[in-house]
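Enquirer: Okay, sequence plus prediction incoming.
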Amino acid sequence: MDLADVEEGDVAELDEAAEEAADEGPIVPPGEGVDVEAPPPASTSEQLADEARIDEDGRVWCTVPPYHDYKPVGRITTWPKTVFVDKQNVGIRCCLHFGCSVTRKRSKFTNRQVLVWLFSGQVLEAGSSAPAFATAKDEHKRTSLALL
């Protein structure tokens, strides 16, 4: 279009539209400059241990996602029941990873310390590969050496 072809009325309309657009403020691309609530920070294993509940059978339950999907998250078992605590053992079974468990002397650890270890394991998405689960299990068992 040549400027000679533009009529005076058209120029006035364009000027008006430009002023209206300037009054509305800058155009923000989608996703930029928009206040979006950030997701809450991930809970630490200590916070999850505080939220966890151990039932009378030693099963560990947690209502915090993604642990609420596990029924239960783990299980704590002590034996033999007929001896003093300083002679008992504790077994901790993790339900996050197939075959993940540790056994320790009961007198050396509190339930909270055991729960902190339990929630220190990596949660994998359903459908993850078997090698990924095996690696996560091995890493979780290694952390038991540092935490328990």
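Expert: That came through, no problem.

Enquirer: Tell me how far residue 136 lies from residue 143.
Expert: 11 Å (C-beta to C-beta, to the nearest Å). Bear in mind the C-beta positions are built from the backbone N, C-alpha and C, glycine included.

Enquirer: When these two are compared, which one has more neighbours?
Expert: Shown here are residue 136 and residue 143; by other C-beta atoms under 10 Å, residue 136 has more neighbours (19 against 16).

Enquirer: what residues are up against that one?
Expert: 96, 97, 121, 122, 124 (C-beta atoms under 8 Å, 6 or more residues apart in numbering).

Enquirer: Drop anything exposed from those.
Expert: Neighbour counting by 16 or more other C-beta atoms under 10 Å classes 96, 97, 121, 124 among the contacts of residue 136 as buried.

Enquirer: Cross-check the contact I'm expecting between residue 52 and residue 115.
Expert: Yes - at 5.2 Å, residue 52 counts as touching residue 115 under the criterion of C-beta atoms under 8 Å.

Enquirer: Touching both of these two, which residues are there?
Expert: residue 60.

Enquirer: Between the two, which is the more surrounded one?
Expert: For residue 52 versus residue 115, neighbours defined as other C-beta under 10 Å are more numerous around residue 115 (25 against 22).

Enquirer: And the nearest residue in space to the more buried one that is not next to it in sequence, which helix or strand is it part of?
Expert: Nearest-residue entry for residue 115: residue 49, 3.7 Å, with adjacent residues in sequence omitted and distances by C-beta to C-beta, 6 or more residues apart in numbering. Assigned by DSSP states H and E, residue 49 falls within helix 45-51.

Enquirer: Buried residues in stretch 116-128, which are they?
Expert: Quick answer for stretch 116-128 (16+ other C-beta under 10 Å): 116, 117, 118, 119, 120, 121, 124.
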